[in-house]
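A.B. asks: this one's sequence-less:
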């Protein structure tokens, strides 16, 4: 399956712990986007990365959240000291070329539950 | 600026048609349509890049009216498999244009046998 892969699919954390979400883009894609979806809401853009570069992080909360896309390996969305309000589905998408006008293909998401 | 989708929800019988609208207050560069079933990933349907462009995919088509800054998704002779939530994602023209998509709140579509 050459689709976008995300793991884990479900993640449970207690308040104050760290959450690490991983995303492997489609084969041949080097552009990754992270979105957050709250229950009954649309997807909210968080960050756009290319290999080793953060291009647009205008949707990222200023504190506790960070993202990276190293030269080798998956993209990682890291949430430090999680709070209950971080509970959501986190989706990543990838595109072949730079995002404007390009199709973004979504992964199955990671559902984060903070207790 | 989040696009506005209408209607919020629609219930159809199998074989009926539906139209879902997506409106923006700012000039649009592109409109991306997705369908999401509960607990699953959004599935790409189509992308529209030019004003007045219309695209089709089997019995699902869409139009993009650049002047009205609006896109419409047309589902004809709906099938049970069309049930789900439909989202439009937009990118703006010019300086406000980021690479990420700004999504509407979605339209829930229920198809009954």
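C.D. replies: Looks like it arrived, so ask away. The model shown is predicted, which means the values in this text are computed figures rather than measured ones. Numbering: from 1, shown residues only, chains lettered A, B, ... in the order given.
A.B. asks: once you drop chain neighbours, what's closest to the residue most central in space within chain A?
C.D. replies: Residue closest to the mean C-alpha point of chain A, counted by C-alpha atoms, centre = their mean, is residue A:34 at 3.5 Å. Nearest residue to residue A:34 in three dimensions, chain neighbours excluded: residue A:46, at 4.4 Å (C-beta to C-beta, 6 or more residues apart in numbering or on different chains). C-betas here are computed from N, CA, C, even on glycine.
A.B. asks: am I right that the residue nearest to the centre of chain A sits in a strand?
C.D. replies: Yes - counting by DSSP: H, G, I helix; E, B strand; the rest coil, residue A:34 is part of a strand.
A.B. asks: ok, residue A:58 to chain B distance?
C.D. replies: Distance of residue A:58 to chain B, computed by C-beta to the nearest C-beta, to the nearest Å: 6 Å.
A.B. asks: tell me the phi and psi of that residue?
C.D. replies: phi -60, psi -20 (degrees, to the nearest 10).
A.B. asks: tell me who's in contact with residue B:69.
C.D. replies: Shown in contact with residue B:69 (C-beta atoms under 8 Å, 6 or more residues apart in numbering or on different chains): B:23, B:24, B:25, B:26, B:27, B:28.
A.B. asks: what of residue B:43?
C.D. replies: A:106, B:34, B:35, B:36.
A.B. asks: now, which of these sits nearest residue B:19?
C.D. replies: Nearest to residue B:19 out of the contacts of residue B:43 is residue B:35 (C-beta to C-beta; 14.8 Å).
A.B. asks: hmm, residue A:31 is touching residue A:103, no?
C.D. replies: No - here residue A:31 does not reach residue A:103: they are 10.9 Å apart, not a contact under C-beta atoms under 8 Å.
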